[in-house]
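Participant: Sequence isn't available, so here's the structure alone:
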């Protein structure tokens, strides 16, 4: 086996317009909408860091300045908190602050799809394998999804994708992989299809937004034709790459919330709030009362 190169960098695409969340996203990037008290994008960054990522490349677009500001120092705010004796908040903010030079930002000038967004990061990634985290897909579990993905990568090398199982009837909503033989704590990927037609999916394992890819993907994406949705699809590029390089899948044991949808966003807020030691019990009682009241209204209707 060739030497398995260390994954030091991650790409996080944040260029989408967030039209499904209008009017909230008219002036606020969708990635800055909060799950409890942290923006969605912060969870992706934390997950990458916990997996050992040293440098994060954000692929942005117009009107995303708030994301860059979020990951910058705020001396005025720190000074104000210090005067108020709010040291716990200062410590939390400082723990979230990236080291100088450990984040980069590049622009995707036109919304041409995920494959194009990844390609826009090529010069900042260089000739290295890299992680890719879609911030809308929020991992919830005892351990971050990317950490498990990294474990499998260190064992098998090549390209590794994270997957979860969906209901067979929902397979047409996702990028789906074909399941091959078991390898370590994952399995070999035999094929990849972006949003297969109903009844034509090779399995019910869907790509959940976490990847480790080799840099050869960039040369493929540079010439990739538009696919589903008239966009440059990453799945199409990965399928071409798989002709020359192996792909393996890591089945994530937690749960992924699609925070690009209103339902997933609300579910994530409830799940993360319930998991908090400081507010979990209160949120549980509040949700319970709301559910009981809702059921009562339905019965009375």
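Facilitator: Arrived safely, thanks for sending. Note that the structure is a prediction, hence the values are computed from the model and not measured.
Participant: And stretch 102-112, what's buried?
Facilitator: By 16 or more other Cβ atoms under 10 Å, the buried positions in stretch 102-112 come out as 103, 104, 105, 106, 108, 112. Every C-beta, even on glycine, is put in place using the N, C-alpha and C of the backbone.
Participant: no no, stretch 61-75
Facilitator: 61, 64, 67, 70, 71.
Participant: Ends of that stretch, what's the gap?
Facilitator: Criterion Cα to Cα, to the nearest Å; first-to-last residue distance in stretch 61-75 is 26 Å.
Participant: re the thing from before, list just the nearest of the buried residues of stretch 102-112 to residue 238.
Facilitator: residue 112 (16.8 Å; Cβ to Cβ).
Participant: all strands of this structure, in order?
Facilitator: With DSSP state E applied, the chain shows strands at 9-13, 34-35, 38-39, 55-60, 103-107, 130-133, 137-140, 159-165, 175-183, 186-194, 205-213, 247-251, 255-258, listed in chain order.
Participant: Sort out for me which of the buried residues of stretch 61-75 are in helices.
Facilitator: Judged by DSSP state H, the subset of the buried residues of stretch 61-75 located in helices is 67, 70.
Participant: Save the buried residues of stretch 61-75 as TSV, and put in distance to residue 260 and pLDDT too.
Facilitator: Formatted as TSV, the entries for those read as follows, by distance: Cβ to Cβ, whole Å; pLDDT from 0 to 100:
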residue	distance to residue 260	pLDDT
61	15	91
64	16	90
67	16	94
70	19	93
71	21	92
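Participant: which of the buried residues of stretch 61-75 lies closest to residue 270?
Facilitator: For the buried residues of stretch 61-75, the nearest to residue 270 is residue 70 (23.5 Å; Cβ to Cβ).
Participant: what residues are up against the closest one?
Facilitator: Applying Cβ atoms under 8 Å, 6 or more residues apart in numbering, one finds that residue 70 lies in contact with 32, 39, 41, 42.
Participant: at 7 Å what do you get?
Facilitator: Residues in contact with residue 70, defined by Cβ atoms under 7 Å, 6 or more residues apart in numbering, are 32, 39.
Participant: Next, count neighbours for the closest residue to residue 231 other than its chain neighbours.
Facilitator: Setting aside the residues directly before and after it, residue 231 is nearest to residue 113 in space (Cβ to Cβ, 6 or more residues apart in numbering), at 2.8 Å. Close neighbours of residue 113, defined as other Cβ atoms under 10 Å, add up to 23.
Participant: what about residue 113, distance to residue 19?
Facilitator: For residue 113, the distance to residue 19 under the criterion Cβ to Cβ, to the nearest Å works out to 15 Å.
Participant: show me where the stretch 201-301 of the chain has helices.
Facilitator: Here the stretch 201-301 of the chain has its helices, by DSSP state H, counting those that start in this stretch, at 217-221, 234-241, 262-274, 280-300.
Participant: mean confidence for the shortest one?
Facilitator: It refers to helix 217-221. Here the mean pLDDT over helix 217-221 is 95, rounded to a whole number.
Participant: distance between it and the chain's centre?
Facilitator: 20 Å (Cα atoms, centre = their mean, to the nearest Å).
Participant: where does this protein have low pLDDT?
Facilitator: 1-2, 227-230 (pLDDT under 70).
Participant: and the spatially most central residue of it, what does it touch?
Facilitator: By Cα atoms, centre = their mean, the chain has its centre lying nearest to residue 134, at 2.7 Å. Neighbouring residues of residue 134 by Cβ under 7 Å, 6+ apart: 13, 209.
Participant: redo that, cut-off 6 Å
Facilitator: Taking Cβ atoms under 6 Å, 6 or more residues apart in numbering, we find residue 134 in contact with residue 209.
Participant: any idea how far it is from residue 44?
Facilitator: Relative to residue 44, residue 134 is positioned 8 Å away (criterion: Cβ to Cβ).
Participant: for residue 12, same thing?
Facilitator: For residue 12, the distance to residue 44 under the criterion Cβ to Cβ works out to 6 Å.
Participant: what are the bridge partners for the closest residue to residue 125 other than its chain neighbours, then?
Facilitator: Counting by Cβ to Cβ, 6+ apart, residue 125 lies nearest to residue 9, which is 5.6 Å off, once chain neighbours are set aside. For residue 9, the residues forming beta bridges with it (DSSP bridges) are residue 55, residue 130.
Participant: what sits against residue 9?
Facilitator: Residue 9 is in contact with 55, 125, 130, counting by Cβ under 6 Å, 6+ apart.
Participant: Please determine how far it is located from residue 170.
Facilitator: As defined by Cβ to Cβ, residue 9 lies at a distance of 32 Å from residue 170.
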